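Participant: Next one to model:
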Amino acid sequence: MRGLKPPRYACLWEAFVNAIVFQQVSLAAASAITQRLVVALGAPLLYAGVPLYVFPSAEQVLGADDALLHATGLSASKRVTLRRVATAIVAGSMSERLLAACTSPQAAARLSEIKGIGPWSAAVILLRGLGRLDVFPANDSSVRRNIVMMAPSQRVDLVRTVAALQPQQGLLYYHLLLARLEARGGLGAASVSALGRAPAISS
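Facilitator: Below is the predicted model of the structure:
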């Protein structure tokens, strides 16, 4: 994992969408829902004969029919949360510029003011969307499973481990994800679309 560069979503809106979709569902299910959402709303592009889809904007989600969003697999509560976030993004009451002026705890609190965005979602948005490496989504069940997988013969005190890594504890999150992929033989493997189509590209 030497030289790991933490990946980030292209914008705050995209980070919000992924955090919301991935709430309390498996990675496979969330990935499939996101794929269907992008294909349903994103503008299609053809590059070198490969179909790609631009990630849908907040405006597109606000204008989407509820039945269409439901068909992608989004629950009623997630559809409502997405619309709350999209409204805030479009109105300018939530933006990267506003969050940039906040410390990470302040930014997490501000994100959590949107109903449907809890501590886990706020941490993921800050880490994956804004590159805040001083946050760690400690309530992530997959994190604990990955730690057990890496250290099955010893009990790991996650709280102490995260505290010892401050202020870059977010890197542990990425390394645990990579360790999981490596254990599954997924590192370097081509992505497989849930729809048999090419993945989305960010706008």
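Participant: Which residue ranges of this structure form helices?
Facilitator: Remark: helices assigned in the chain by DSSP state H are 12-21, 27-41, 58-63, 66-71, 76-91, 96-100, 104-111, 119-124, 130, 141-150, 158-164, 170-183.
Participant: Confidence-wise, which of the ones you listed is weakest overall?
Facilitator: Sorting the helices of the chain by mean pLDDT places helix 141-150 lowest, at a mean of 76.
Participant: Which one, of the helices of the chain, ends up nearest to Leu4?
Facilitator: Among the helices of the chain, helix 170-183 comes nearest to Leu4, with 6.2 Å by Cβ to Cβ. Every residue, glycine included, has its C-beta placed from N, CA and C.
Participant: Need the residues that contact the closest one.
Facilitator: 1, 4, 6-7, 127, 132-137, 140, 142-143, 146-147, 149-150, 161-162, 165, 187 (Cβ atoms under 8 Å, 6 or more residues apart in numbering).
Participant: how about a cut-off of 6 Å?
Facilitator: Here helix 170-183 makes contact (Cβ atoms under 6 Å, 6 or more residues apart in numbering) with Met1, Pro6, Leu127, Leu133, Val135, Phe136, Val143, Asn146, Met150, Leu165, Leu187.
Participant: Please apply the same query to stretch 156-169.
Facilitator: Counting by Cβ under 6 Å, 6+ apart, Leu133, Asp134, Phe136, Ile147, Leu172 sit against stretch 156-169.
Participant: how much space between Ser31 and Val50?
Facilitator: According to Cβ to Cβ, to the nearest Å, Ser31 stands 19 Å off from Val50.
Participant: between the two, which one's more packed in?
Facilitator: Neighbour totals were compared for Ser31 and Val50, and Ser31 leads with 19 against 10 (other Cβ atoms under 10 Å).
Participant: Now do the same contact list for the more buried one.
Facilitator: Listed by Cβ under 6 Å, 6+ apart, Ser31 has no contact partners.
Participant: Show me the two of the contacts of stretch 156-169 that sit farthest apart.
Facilitator: For the contacts of stretch 156-169, the farthest-apart pair by Cβ to Cβ is Asp134 and Ile147; their separation is 19.5 Å.
Participant: Please name the residues that touch Ala88.
Facilitator: By Cβ under 6 Å, 6+ apart, the residues touching Ala88 are Met94.
Participant: picking that back up, which one of the contacts of stretch 156-169 is nearest to Ser77?
Facilitator: Phe136 (25.2 Å).
Participant: what's the closest non-adjacent residue to that closest one?
Facilitator: Spatially, and ignoring its direct neighbours in sequence, Phe136 is nearest to Gln169 (4.4 Å; Cβ to Cβ, 6 or more residues apart in numbering).
Participant: what does Ala64 give?
Facilitator: Leu41 is the one closest to Ala64 (Cβ to Cβ, 6+ apart), at 5.9 Å.
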